[in-house]
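Engineer: Using only what follows, build the 3D model:
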Amino acid sequence: MATAQKVTTHLWFEDDAEAAVKFYTSLIPDSKIHAVMHFDRAKNLYGILFTLGGQEYRALNGGPTFKLSEAVSLWVRCEDQQEIDRIWDAILGNGGKEQACGWVKDKWGLSWQVVPAALEEMLNDPDEAKRNRVLQAVWGMIKLDLSTIEAAYRGAAA
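Structural biologist: Predicted coordinates:
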């Protein structure tokens with residue numbers, strides 16, 4: 001069963017939480033479903049405990065009262081363009097929709113930021129010109145392209 005993590009993100013789905021969690025755990029290494037709980041004999045889903053990239057989450061089928069929105073997103077730190085492409089393409093191929101600046105929304109309404117790990121370091125560089133070039137490059141993209149971002153950081157053409 002899941003962990004001693006003090007604070008856990010809880011995701012509300014209308015009625016397909018189990019399928020969403022199975023998809024999410026298939027995307028990210030170090031992910032696992034720990035428990036699926038039902039509240040009656042009809043097997044109506046009450047909740048799921050799972051880890052995604054080693055981080056604990058909970059999900060439930062809560063009905064249509066609340067919807068997932070961009071107000072909360074999952075930031076996925078990818079080591080290279082291949083990982084960015086794999087995750088991005090899997091979400092799109094499973095009914096997702098592209099958004100700007102490295103954001104993609106899955107078919108259940110959860111937004112993901114699929115970003116290169118190097119982006120945070122670039123955006124924390126003390127050189128304001130480098131940071132601004134990186135931001136301008138990112139703002140002009142849908143799916144992030146690491147080579148273009150790195151070229152902007154260096155001040156070179158991609």
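Engineer: where exactly do the strands run in the chain?
Structural biologist: 9-13, 32-38, 45-52, 55-61, 73-78, 97-98, 103-105, 111-116 (DSSP state E).
Engineer: Please name the strands paired to the helix or strand bottoming out on mean pLDDT in the chain in the sheet, noting orientation.
Structural biologist: Every helix and strand in the chain was compared by mean pLDDT, DSSP states H and E; the lowest is strand 45-52, with a mean of 89. Neighbouring strands of strand 45-52 in its sheet, by DSSP bridges, are strand 32-38 (antiparallel), strand 55-61 (antiparallel).
Engineer: Quick one: the helices in the chain, in order.
Structural biologist: 17-27, 81-93, 118-123, 128-139, 146-154 (DSSP state H).
Engineer: which residues touch the shortest one?
Structural biologist: Same thing as helix 118-123. 77, 130-131, 134-135, 138, 144, 146, 149-150, 153 (Cβ atoms under 8 Å, 6 or more residues apart in numbering). Where C-beta positions appear, they are placed from N, C-alpha and C, glycine not excepted.
Engineer: Now the two most distant members of those.
Structural biologist: Arg77 and Lys130 (19.6 Å; Cβ to Cβ).
Engineer: Run a quick neighbour tally on Asp16.
Structural biologist: For Asp16, the neighbour count with other Cβ atoms under 10 Å is 14.
Engineer: In contact with it: list those residues for me.
Structural biologist: 61, 108.
Engineer: Emit the PyMOL select command for whichever of the contacts of helix 118-123 are buried.
Structural biologist: Here is the PyMOL selection string for the buried members of the contacts of helix 118-123, based on 16 or more other Cβ atoms under 10 Å:
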select buried, resi 130+134+135+138+144+146+149+150+153
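Engineer: can you list the domain ranges for this protein.
Structural biologist: 7-67, 68-158 (automatic domain parsing).
Engineer: mean pLDDT lowest for which of those domains?
Structural biologist: Per-stretch mean pLDDT for the domains of the chain is lowest at domain 7-67 (a mean of 91).
Engineer: coming back round to it: any chance of a markdown table for the strands of the chain, columns distance to Pro126?
Structural biologist: Putting those into a markdown table (distance: least, Cβ to Cβ, whole Å) gives the following:
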| stretch | distance to Pro126 |
| --- | --- |
| strand 9-13 | 32 |
| strand 32-38 | 39 |
| strand 45-52 | 33 |
| strand 55-61 | 30 |
| strand 73-78 | 21 |
| strand 97-98 | 33 |
| strand 103-105 | 27 |
| strand 111-116 | 20 |
